[in-house]
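1. I would like to see how this sequence folds:
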Amino acid sequence: MLFNQLGLIEPLLQALSQEGYTNPTPIQEKAIPVILQKRDLLGCAQTGTGKTAAFTIPILQLMQQELEANPQANRRIQALILTPTRELATQIGESINSYGRFLNLKNRVIFGGVSQYQQVQSIRRGVDILVATPGRLLDLVQQRHVSLNDIKYFVLDEADRMLDMGFVHDVRRIISKLPAKRQTLFFSATMPNEIKQLANILLTDPVKVEVTPPASTVDLIQQSVYYTDKQNKQSLLIHLLQDASIESVLVFCQMKYAADKLSKSLNKAGIRTQAIHGNKAQNARQAALESFRARKTRVLVATDIAARGIDIDDLTHVINFELPNVPETYVHRIGRTGRAGASGIAISFCDWGEKTFLTDIQKLIRKSIPVVQGHPFDNTSMYSSVVQAASSAPTFQSSKRPGGGGRRRTFRQGA
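-> Numbers count the residues shown, from 1 in each chain. So this is what the prediction gives:
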């Protein structure tokens, strides 16, 4: 299947060609024709499968065709893409700019944590597509800087992460302000009951597109776990990073202070490292991401919320320095590698206090994660009840495609 077989207009095909894209990913192949038919869509797809392009490309086509049919129409916000974090919102905005470069459509990304002045000014100049995080969008709606009365296309992206971050109440408030007659596209990597209930409220006779089973992990990602004591995790990480083939690695911590502490320790060990989390200013977070993309920084230490939306080509390694206590979060984390059909390696450290987290993760993904034994900080004997066959971690090559994106914590963190 080629993009030129999906009924796309020439300006979009030209933009995709300039990006070097010829073959759609499975979710793009399934979703684009459905969206072009103006059907509601329920998409269950892991991060990194190309879902951003799956919804942005057909929305751009539908809006461009409407504009050409009625060029004198007033330019109001007609498409709303709601996403949980500023990083993911920025990524979606960049994708719209890339795919829509030859179209006469304007988009704007808005999120909290920065001054609203420039965002408001650009909206006043005219916007067709608005990409937003929930908190900032509600603020601007309440201040009457944004009207949702003309929305024809609504995308709820990363719905399960909205739930994890405590945004579901805000999402429901936003939905209540949308026109009843609209096309709705709903995407989630996992489908817990709360998300299914929200989808039932939002969607009308939807087409379901599922490219992998709910809560599954990409087959091409080689997963492994290292048992060690909590106080030895830092030493174990430095030991693994002695392998020069690990050129670029995303490391996950649970808390902001832990990310900063680990980043400082790795830098002292001579390993170029930066940290990103919710307390970092937006420009500092973007600078850290750009440095990581350019391979000026070897290690990026992140919390889950700050890492949402990170899209790094050829990122082969993800390390869970601390296991998440929400098993679905593990799926999101390791999805930062193995994107869009590429291969990847996901390594997890597990201390005694995290054993139940590992058990929950393995139940969710319905597979046992191989245990690596014999490393200098091995404490496998403490976990003999869950030890599996040892596994080594080879280096993989990557390929590029477009769009490459249990118990719950319900507290809200900044959008």
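2. Any regions of the stretch 101-250 of the chain where pLDDT drops low?
-> Screening the stretch 101-250 of the chain residue by residue with the criterion pLDDT under 70, one finds the ranges 212-218.
3. mind listing the helices for it?
-> For the stretch 101-250 of the chain, the helices defined by DSSP state H, counting those that start in this stretch cover 117-124, 134-142, 159-164, 168-176, 193-202, 233-240.
4. Could you check how far the fourth one is from the centre of its chain?
-> On the basis of CA atoms, centre = their mean, to the nearest Å, the separation between the geometric centre of helix 168-176 and that of its chain is 20 Å.
5. what's in contact with that helix?
-> Here helix 168-176 makes contact (CB atoms under 8 Å, 6 or more residues apart in numbering) with 82, 134-135, 137-138, 141, 148, 156, 162, 194, 198, 201-202. Glycine gets a C-beta too; all of them are placed from N, C-alpha and C.
6. Alpha carbons only: can I get it in CSV?
-> The C-alpha coordinates for helix 168-176 follow below in CSV (Å, rounded to 0.1, in the frame of the first residue of the first chain):
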residue,chain,number,x,y,z
VAL,A,168,-11.1,13.5,32.6
HIS,A,169,-13.2,16.1,34.4
ASP,A,170,-11.8,18.9,32.2
VAL,A,171,-12.3,16.8,29.1
ARG,A,172,-15.9,16.3,29.9
ARG,A,173,-16.3,20.1,30.4
ILE,A,174,-14.8,20.7,27.0
ILE,A,175,-17.0,18.1,25.4
SER,A,176,-20.1,19.8,26.8
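7. returning to what we had before: so how do I select the buried members of the contacts of helix 168-176 in PyMOL?
-> Written as a PyMOL command, the selection of buried residues from the contacts of helix 168-176, which uses 16 or more other CB atoms under 10 Å, is:
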select buried, resi 82+134+135+137+138+141+148+156+162+198+202
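8. Just name the closest of the contacts of helix 168-176 to Lys261, please.
-> Minimum distance to Lys261 across the contacts of helix 168-176 is 28.0 Å, recorded for Gly135 (CB to CB).
9. wait, Ser98 sits on Ser17?
-> No: with contact defined as CB atoms under 8 Å, Ser98 and Ser17 do not form a contacting pair (11.7 Å).
10. Looking at the two, which has the bigger crowd around it?
-> Remark: of Ser98 and Ser17, Ser98 carries more neighbours, 16 against 12, as counted by other CB atoms under 10 Å.
11. What's the separation between that one and Ala15?
-> The gap separating Ser98 from Ala15 is 6 Å, by CB to CB, to the nearest Å.
12. With Val127 instead?
-> Counting by CB to CB, the gap from Val127 to Ala15 is 20 Å.
13. List just the nearest of the contacts of helix 168-176 to Ile361.
-> In terms of CB to CB, no member of those lies closer to Ile361 than Glu194, at 19.3 Å.
14. list the contacts for that closest one?
-> By CB under 8 Å, 6+ apart, Glu194 lies in contact with 163, 168.
15. mind checking how far it is from Leu163?
-> When CB to CB is applied, the distance between Glu194 and Leu163 equals 6 Å.
16. what do you get for Ile221?
-> 24 Å.
17. now the strands for this protein?
-> Shown for the chain, the strands assigned by DSSP state E span residues 41-44, 79-82, 107-110, 129-132, 153-156, 183-188, 207-210, 221-227, 249-252, 273-276, 299-302, 317-320, 344-350.
18. Check the protein for its longest helix and report it.
-> The helix of greatest length in the chain, counted in residues with DSSP state H as the criterion, is given as helix 51-69.
19. And that one, what's buried?
-> 51-64, 67.
20. just those: which has the poorest pLDDT?
-> The pLDDT minimum for those sits at Lys51, where the score is 88.
21. Excluding chain neighbours, what is closest to that one?
-> With sequence-adjacent residues excluded and distances taken as CB to CB, 6 or more residues apart in numbering, Lys51 is closest to Ala45, at 4.8 Å.
22. again with Leu105
-> Once chain neighbours are set aside, the closest to Leu105 by CB to CB, 6+ apart is Asp128, at 4.6 Å.
23. residues contacting that neighbour?
-> Counting by CB under 8 Å, 6+ apart, Asp128 touches 63, 67, 75, 77-79, 105-107.
24. Mind doing that once more with 6 Å?
-> Counting by CB atoms under 6 Å, 6 or more residues apart in numbering, Asp128 makes contact with 78, 105-106.
25. Now the buried members of those residues.
-> By the neighbour-count criterion of 16+ other CB under 10 Å, these include these buried positions: 78, 105-106.
26. ok, those residues vs Phe187, which is closest?
-> Nearest to Phe187 among these, with distances taken as CB to CB, is Gln78, at 19.3 Å.
27. Check what pLDDT that closest one gets.
-> In the predicted model, Gln78 carries a pLDDT score of 96.
28. And it, how far from Thr337?
-> Distance from Gln78 to Thr337, by CB to CB: 36 Å.
29. again with His239
-> His239 sits 20 Å away from Thr337, taking CB to CB as the criterion.
30. Of the two, which one has the most company?
-> With other CB under 10 Å as the criterion, His239 and Thr337 differ in neighbour count, and Thr337 comes out ahead with 27 against 14.
31. check contacts around the more buried one.
-> With CB under 6 Å, 6+ apart as the criterion, the residues that contact Thr337 are 315-316, 318, 344.
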